[in-house]
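*Asks:* Here's my sequence, what's the structure:
(chains A and B)
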Amino acid sequence: MSFPRKTHWTKNITPGLDGKEVVLAGWVWDVRDIGNIKFILLRDREGLIQLTVKKGTVPEDVWNVVSSLNKEDAIVVKGIVKASRIAKAGIEVFPSEVYIVARSKALPIDIWGSVETDLDTRLRYRSVDLKRPVNSLIFRASSEVTRAIRDSLYNHGFIEVFTPKIIVTSTEGGAELFTVQYFERVAYLAQSPQLYKEELTASLERIFEIAPAYRAEKHNTNYHLNEFISVDIEEAFANYMDVMDILEDVIINVHDRVNRAFSDELNKYGIEVRNPRKPFRRITYDEALDMLGKRGLKVDWGEDVPKNGMEILSEEIGEPFFIIHFPTNIRAFYTKPLDSDPRISESFDLVMGGLEIASGSSRIHDRGQLTEALRKRGLNPESFGSHLMIYDYGMPPHAGWGMGLYRLLMVLLRRSNIREVVLYPRDRFRLEP
RNA sequence: GCCCCGGUAGUAUAGCCCGGUCCAGUAUGCGGGCCUGUCGAGCCCGUGACCCGGGUUCGAAUCCCGGCCGGGGCGCCA
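*Replies:* Next comes the predicted model:
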């Protein structure tokens, strides 16, 4: 089938193009059939535009083709742009050629918004669901977020790397791992690039990775997934305070860039992204416990701050904010204790939307101390042999953080379920599509 | 791992508590018809469903048990 090449996105059809010929391509969003005049709403990734067809003023074959259109048929349209006072958007296109390049059956779910479809059902037909303009917006914004993150990190001298996702041992202990059959051996899906990125500071100094991570935990909440995208950085010759500054900068840039590119579109859906101000509040773990105590939530020293605690703190001090100086023994083994008090650590969490969005720390860079930390947690240093080896060859002091990209997106775009910001989420019961 | 809740047309829901009035109501979609400026288009006609298995009962969408699937919360985690 031959048809002309698309020349414009729908959003680029402006009154300034009045009288110009354009080629549009997309899907039939709606047909308003008034009899001898038909209005076709054409959707593409960037928006909607109205095509107007009047019987008698268009070629017979165009009229016939338009009369046969169904919702979601994929079409290519050549036509003349008309600035219009009658059309609500102030602009419409009068087609001279219409090519139906693919037909659509009736959709299994409502993407037009007259009936809200359950998230579960939407995810079952996810690629259909993604046709909804709000979803196009979410994933265009999502792309802008990762771009902002990359730009910020490059500006700080970081380079992007890729580490293996099929690994032989646990990297942190903690979360359960998925096993995979690796030829004649059992291997695991990486729960984090932690050890690799630390090792890389001994050569590449400042590195980041945006990649999937896997956790075989049977949780069932609206903010956990078994496969998620982790944004990880690690910096040589730096401590937790240095990398917190970088994280702060990343978060500021993400908000700013999303707002610049999408605030108008987001507002249409009632989504308001508020730019946070630097510096973010930094409260210590001890201060957090005090604040929670005053609000009637008792957390024992050495316990993690529970979910509702995060929410109370968010209310109390505004967002985003950092909690710093967690007890050493509730953090991962590689976390560096404070020199002045080894019971607490050079660590932090970034909290937004009552959720832990990122966490990081200074890392131990002394082999003896790291070996000791492994032992204290009941881990066997021998199984970390190839990792520990690198600490004999000039391992610099270093620090870093890991951030849950989907959590950031969820909070940023004010979605109540993390699955909304993931194209094809993997959770306890969802392995397809 | 623990606790709570749910499953009715393609989609979203009413009905269930208090069994019969339900060959299951409504909206939207879909099919057909009318209409030359719609923009949540409108009006008319039509279409289509009680998760699976067992039990109680004269009678089950409705009550009981089991299974499957899903939603929410806690824990663990990011």
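*Asks:* Could you find the closest non-adjacent residue to residue A:298?
*Replies:* Nearest in space to residue A:298, with sequence neighbours left out and distances taken as Cβ to Cβ, 6 or more residues apart in numbering, is residue A:292 at 7.5 Å. Every residue, glycine included, has its C-beta placed from N, CA and C.
*Asks:* ok, residues contacting the strand or helix carrying that neighbour?
*Replies:* Applying DSSP states H and E as the criterion places residue A:292 in helix A:285-294. For helix A:285-294, contacts defined as Cβ atoms under 8 Å, 6 or more residues apart in numbering pick out A:283, A:298-299, A:301, A:305, A:309, A:312-313, A:316-317, A:323-327, A:344.
*Asks:* Return the subset of the residues you listed lying in strands.
*Replies:* When the contacts of helix A:285-294 are checked against strands (DSSP state E), the matches are A:283, A:323, A:324.
*Asks:* Report the beta-bridge partners for the second one.
*Replies:* So the one you mean is residue A:323. Applying DSSP bridges to residue A:323 gives these bridge partners: residue A:283, residue A:349.
*Asks:* List the residues that contact it.
*Replies:* With contacts taken as Cβ under 8 Å, 6+ apart, residue A:323 has the following neighbours: A:282, A:283, A:284, A:285, A:288, A:305, A:313, A:348, A:349, A:351.
*Asks:* how far out from the middle of the chain is stretch A:412-420?
*Replies:* The chain centroid and the centroid of stretch A:412-420 are separated by 9 Å under Cα atoms, centre = their mean, to the nearest Å.
*Asks:* actually stretch A:139-155, not the one I wrote
*Replies:* Centre to centre, stretch against its chain (Cα atoms, centre = their mean), the figure for stretch A:139-155 is 10 Å.
*Asks:* List the buried residues in it.
*Replies:* Judged by neighbour count using 16 or more other Cβ atoms under 10 Å, the buried positions of stretch A:139-155 are A:140, A:141, A:142, A:144, A:145, A:148, A:149, A:150, A:152, A:153.
*Asks:* Let me know the distance separating the first one from residue A:152.
*Replies:* Put plainly, it is residue A:140. In this structure, residue A:140 lies at 19 Å from residue A:152, with Cβ to Cβ, to the nearest Å as the measure.
*Asks:* Contact distance from RNA strand B - what residues of the stretch 101-250 of chain A qualify?
*Replies:* A:106-110, A:112, A:114-121, A:172, A:174-175, A:192, A:215, A:217-226, A:228, A:230 (Cβ under 7 Å from any atom of the strand).
*Asks:* thinking again about what came up before, using TSV, lay out the contacts of residue A:323 together with distance to RNA strand B, neighbour count and pLDDT.
*Replies:* Listed next are the contacts of residue A:323 as TSV, based on distance: Cβ to the nearest atom of the strand, whole Å; neighbours: other Cβ atoms under 10 Å; pLDDT from 0 to 100:
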residue	distance to RNA strand B	neighbour count	pLDDT
A:282	17	16	93
A:283	17	19	92
A:284	18	15	93
A:285	14	23	92
A:288	15	25	90
A:305	9	21	87
A:313	14	24	88
A:348	11	26	94
A:349	7	23	93
A:351	10	28	91
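*Asks:* Tell me which entries of the residues of the stretch 101-250 of chain A next to RNA strand B lie within helices.
*Replies:* Judged by DSSP state H, helices contain the following of these: A:119, A:120, A:121.
*Asks:* Do I have it right that the first one meets residue A:417?
*Replies:* Yes. Counting by Cβ atoms under 8 Å, residue A:119 touches residue A:417, with 6.0 Å between them.
*Asks:* shared neighbours of those two, anything?
*Replies:* Shared contacts of residue A:119 and residue A:417 (Cβ under 8 Å, 6+ apart): none.
*Asks:* and chain A, what are its domains?
*Replies:* Domain ranges of chain A: A:10-102, A:133-421, per automatic domain parsing.
*Asks:* Save those domains as a markdown table, and put in distance to residue A:433 too.
*Replies:* Formatted as a markdown table, the domains of chain A follow (distance: least, Cβ to Cβ, whole Å):
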| stretch | distance to residue A:433 |
| --- | --- |
| domain A:10-102 | 18 |
| domain A:133-421 | 13 |
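*Asks:* Quick check, the residue in the stretch 1-150 of chain A closest to RNA strand B?
*Replies:* Going by Cβ to the nearest atom of the strand, RNA strand B is nearest to residue A:35 of the stretch 1-150 of chain A, at 2.8 Å.
*Asks:* Now do the same contact list for that residue.
*Replies:* Counting by Cβ under 8 Å, 6+ apart, residue A:35 makes contact with nothing.
*Asks:* Flag every buried residue along the longest helix anywhere in chain A.
*Replies:* Secondary structure assigned by DSSP H gives helix A:240-268 as the longest helix of chain A. Applying a neighbour-count criterion of 16+ other Cβ under 10 Å, the buried positions in helix A:240-268 are A:240, A:242-244, A:246-248, A:250-255, A:257-259, A:261-262, A:265-266.
*Asks:* next one: stretch A:210-226
*Replies:* Residues of stretch A:210-226 classed as buried under the neighbour-count rule (16+ other Cβ under 10 Å) are A:210, A:211, A:213, A:214, A:215, A:223, A:224, A:225, A:226.
*Asks:* One more: stretch A:9-19?
*Replies:* When neighbours are counted by 16+ other Cβ under 10 Å, the buried residues of stretch A:9-19 are found to be A:10, A:13, A:17.
*Asks:* Which helix or strand contains the spatially most distant residue from the centre of chain A?
*Replies:* Here chain A reaches farthest from its C-alpha mean at residue A:56, the gap being 49.8 Å by Cα atoms, centre = their mean. When elements are assigned from DSSP H and E, residue A:56 belongs to no helix and no strand.
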